[in-house]
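Colleague: give me coordinates for this.
(one chain, ligands or ions: 1)
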Amino acid sequence: MINGVKKDEVYLVKIDDLGHNGEGIGKIEGFTVFADGGVPGDIVKVKITIVKKNYAIGKIIKLEKPSPDRIKPICEVANICGGCQTQHIDYQAQLRLKTNKVKANIERIGKLENVIVHETLGMKNPYHYRNKAQFPVGTENNEAIIGFYKRKTHDIVDIKRCYIQKMINDKIIKIVKAYISQYKISTYDEKTGKGLIRHILTKIGFATGEIMVVFITNGRNLPHKDEIIRLLKTEIPEIKSIIQNINKQKTNRILGQECIILYGEDKIVDYIGDLKFHISPLSFFQVNPIQTKVLYEKALEYADLNGDETVFDIYCGIGTISLFLAQKAKQVYGIELVGAAIEDAKENARINGIENVDFYTGAAEEVVPKLYEKGIRADVVVVDPPRKGCDEKVLNTIVKMNPKRVVYVSCNPSTLARDLKYLDDKGYKTVEVQPVDMFPHTAHVECCVSLKRK
Ligand code: SAH
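Modeller: Residues are numbered from 1 along each chain as shown. Below is the predicted model:
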């Protein structure tokens, strides 16, 4: 208790920031306190529940003075459901907070000056934006419940309507619930590892309207499956694919390896811009296709290609950015750790008739230096790393390749700022940063950054 903040005591706190999970952050005499549900601008009474060396956690017991940005969420379970974190904050304020977070990281961690950080590009309609939903299935009082996990638990909140998923999901859930109840199908219990239906996964092509429904089951036999297939396809003709995915492992992983087609195709199709993508049950695809297009168009603008360039797309996933770039470049090299993603990337190149892309499977920190040793050089480099940012070996090899421009796409402003500082020290100036809101009502922010050789 060196800092003076005591467990079980109540303090008056002004919330002035948001944490990674959308929790409010304030200070008690300079000591950081996290309080779930706090909105920057709120003045709240907080009862301290946990005191650690560098911070405390508290529970808001009274809202003394609400922030002007505090609103009533449209979803009735918004304050318990783990699907959203910041529905209680006005959307324009959410965007402002995201911009501020990016600026603060660039200044504090990146120690960069004269960087233009644009306002976060938000959505016109920040609801019903997700193309993929994974609903856990359970039983409560002998009735099926389907929804999302409550925050920080694996208890299911039963959902009738979800405001960030496509509305057709509400209908799919209703049909599946009725089927489970009528035929007394068992649902999976995480504690015992028993019960059949674990999750319902849906994927929707925004441009095509095609729908895939996946039953994830702890076993092979799905009773009365003809009946549920008939119900789904007659009630919802847009369903192009019904799949059973078998996962018998006692694990938090949602999907197993084996898929059985119950009806229709093994994939659905969607477009981002003019590019076509095959989406299968196990493959990764960006969850907000509208904002993905905004982000990738920005990346393409910053890459500023004229058709003569060799471009690297490092951490390329299923090759989405690579294929965007290939339309304007001479040659693109895509590099990605996960072999299955590279298989999808190659398939996506093929169905779009794109031939000037080569994909490499492996860790970027090994593959990029190898390509460099072979004498391959990039005129422009795009990176889109996972949350931990780029490996130093990758950054170092990029610098050695001496490209004219680097475009950094990032889902984590703090590792982004760290890497921008590294590149600045080695001769690459951060010119501008464009934050894009890919996940409204969460604290996540994606950035696209333009760097130029000094
Ligand atoms: N650009 C992609 C997605 C990028 S997400 C798209 O637009 O779809 C980050 C990607 O980095 C993931 O696909 C992940 O599998 C991959 N990855 C993680 N660690 C890696 C490493 N060490 N080397 C190469 N790729 C890696």
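
Colleague: okay, CA-based contacts and neighbour counts for the rest of this
Modeller: OK.

Colleague: how close does Tyr315 get to Asp437?
Modeller: Relative to Asp437, Tyr315 is positioned 20 Å away (CA to CA, to the nearest Å).

Colleague: more neighbours, the two?
Modeller: Asp437 (27 against 23; other CA atoms under 10 Å).

Colleague: count the neighbours of the residue nearest to Tyr188 when sequence neighbours are not counted for me.
Modeller: Leaving aside its sequence neighbours, Tyr188 sits nearest to Gly195 (CA to CA, 6 or more residues apart in numbering; 4.0 Å). By the criterion of other CA under 10 Å, Gly195 has 17 neighbours.

Colleague: I figured Gly195 hits Asn221, correct?
Modeller: No. If you go by CA atoms under 8 Å, Gly195 and Asn221 don't touch, sitting 11.7 Å apart.

Colleague: all helices of the chain, in order?
Modeller: Secondary structure of the chain (DSSP state H): helices located at 91-108, 168-182, 225-235, 289-303, 320-326, 339-351, 364-373, 392-401, 413-425.

Colleague: Gly58 and the ligand, how far apart?
Modeller: Gly58 sits 34 Å away from the ligand when distances are taken as CA to the nearest ligand atom, to the nearest Å.

Colleague: tell me the bridge partners for that residue.
Modeller: Ala35, Ile48 (DSSP bridges).

Colleague: pretty sure it contacts Lys45?
Modeller: No. Counting by CA under 8 Å, Gly58 does not reach Lys45; the two are 9.3 Å apart.

Colleague: give me the domain ranges for the protein.
Modeller: 10-65, 95-124+288-453, 132-279 (automatic domain parsing).

Colleague: redo these as CSV? Include mean pLDDT.
Modeller: Formatted as CSV, the domains of the chain follow (pLDDT from 0 to 100):
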stretch, mean pLDDT
domain 10-65, 96
domain 95-124+288-453, 97
domain 132-279, 95
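
Colleague: mind putting those domains in CSV, distance to Asn79 included?
Modeller: Putting the domains of the chain into CSV (distance: least, CA to CA, whole Å) gives the following:
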stretch, distance to Asn79
domain 10-65, 8
domain 95-124+288-453, 12
domain 132-279, 9
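
Colleague: and of those domains, who's closest to Thr86?
Modeller: Closest to Thr86 of these is domain 95-124+288-453 (CA to CA; 4.5 Å).

Colleague: residue numbers of the stretch 201-350 of the chain in contact with the ligand?
Modeller: Contact residues (CA under 6 Å from any ligand atom) of the stretch 201-350 of the chain with the ligand: Gln286, Tyr315, Cys316, Gly317, Ile318, Thr320, Ile321, Glu336, Leu337, Val338.

Colleague: same thing but at 5 Å, please
Modeller: Counting by CA under 5 Å from any ligand atom, the positions of the stretch 201-350 of the chain adjacent to the ligand are Tyr315, Cys316, Gly317, Thr320, Glu336, Leu337.

Colleague: and which of the residues you listed is nearest to Val214?
Modeller: Closest to Val214, out of all of these and judged by CA to CA, is Gly317, at 22.3 Å.

Colleague: residues in contact with the closest one?
Modeller: Residues in contact with Gly317 (CA atoms under 8 Å, 6 or more residues apart in numbering) are Phe284, Ile335, Glu336, Val338, Ala341, Ile342, Ala345.

Colleague: what about 6 Å?
Modeller: By CA atoms under 6 Å, 6 or more residues apart in numbering, the residues touching Gly317 are Glu336, Ala341.

Colleague: for Ile268, same thing?
Modeller: His278, Ile279.

Colleague: dig out what it forms beta bridges with.
Modeller: According to DSSP bridges, beta-bridge pairing links Ile268 with Ile279.

Colleague: now it: how far from Thr208?
Modeller: Counting by CA to CA, the gap from Ile268 to Thr208 is 9 Å.

Colleague: now do the contacts for the nearest residue to Val10 once chain neighbours are set aside.
Modeller: Sequence neighbours aside, Lys47 is the residue nearest to Val10 in space, at 4.3 Å (criterion: CA to CA, 6+ apart). With contact set as CA under 6 Å, 6+ apart, Lys47 has these partners: Asp8, Glu9, Val10, Gly58, Lys59.

Colleague: might one say that the first one is in contact with Ile48?
Modeller: Put plainly, it is Asp8. Yes. Assessed by CA atoms under 6 Å, Asp8 is found in contact with Ile48 at 5.1 Å.

Colleague: looking at the two now, which is surrounded by more residues?
Modeller: Ile48 (21 against 14).

Colleague: wait, Lys7 touches Tyr55, no?
Modeller: No. Applying CA under 6 Å, one finds Lys7 not in contact with Tyr55, separated by 11.7 Å.

Colleague: filter the residues of the stretch 201-350 of the chain next to the ligand down to the ones in strands?
Modeller: Secondary structure defined by DSSP state E assigns Glu336 of those to strands.

Colleague: quick check: the two most widely separated of the residues of the stretch 201-350 of the chain next to the ligand?
Modeller: Using CA to CA, those span at most 15.0 Å, a distance reached by Thr320 and Leu337.

Colleague: compare the two (neighbour count), which wins?
Modeller: In this view Thr320 and Leu337 are compared by other CA under 10 Å, and Thr320 has more residues nearby, 24 against 18.

Colleague: pull the number of nearby residues for Leu9.
Modeller: Heads up, residue 9 is Glu, not Leu. Going by other CA under 10 Å, the residues that sit close to Glu9 add up to 11.

Colleague: I misspoke; the intended subject was Asp425.
Modeller: 10.

Colleague: pull the contacting residues for it.
Modeller: Contacts of Asp425 by CA under 6 Å, 6+ apart: none found.

Colleague: now do it against Asp36, distance only.
Modeller: Distance from Asp425 to Asp36, by CA to CA: 38 Å.

Colleague: what's the answer for Asp90, then?
Modeller: Taking CA to CA, one finds Asp90 at 17 Å from Asp36.

Colleague: equivalent analysis for Gly147, please.
Modeller: Counting by CA to CA, the gap from Gly147 to Asp36 is 22 Å.

Colleague: compare these two (neighbour count), which wins?
Modeller: Per other CA under 10 Å, whichever of Gly147 and Asp36 has more neighbours is Gly147, with 25 against 18.

Colleague: mind checking how far Lys426 is from the ligand?
Modeller: From Lys426 to the ligand the distance is 22 Å (CA to the nearest ligand atom).

Colleague: Leu275 too?
Modeller: 13 Å.

Colleague: who's the closest spatial neighbour of that residue, skipping the chain neighbours?
Modeller: Asn352 (6.6 Å).

Colleague: so what's the residue count around the one you found?
Modeller: So Asn352, with other CA under 10 Å, has 13 neighbours.

Colleague: kindly report the same for Tyr129.
Modeller: Tyr129, neighbours per other CA under 10 Å, totals 22.

Colleague: cool, and Ile175?
Modeller: 15.

Colleague: go on, Ile71?
Modeller: Around Ile71 there are 15 residues (other CA under 10 Å).
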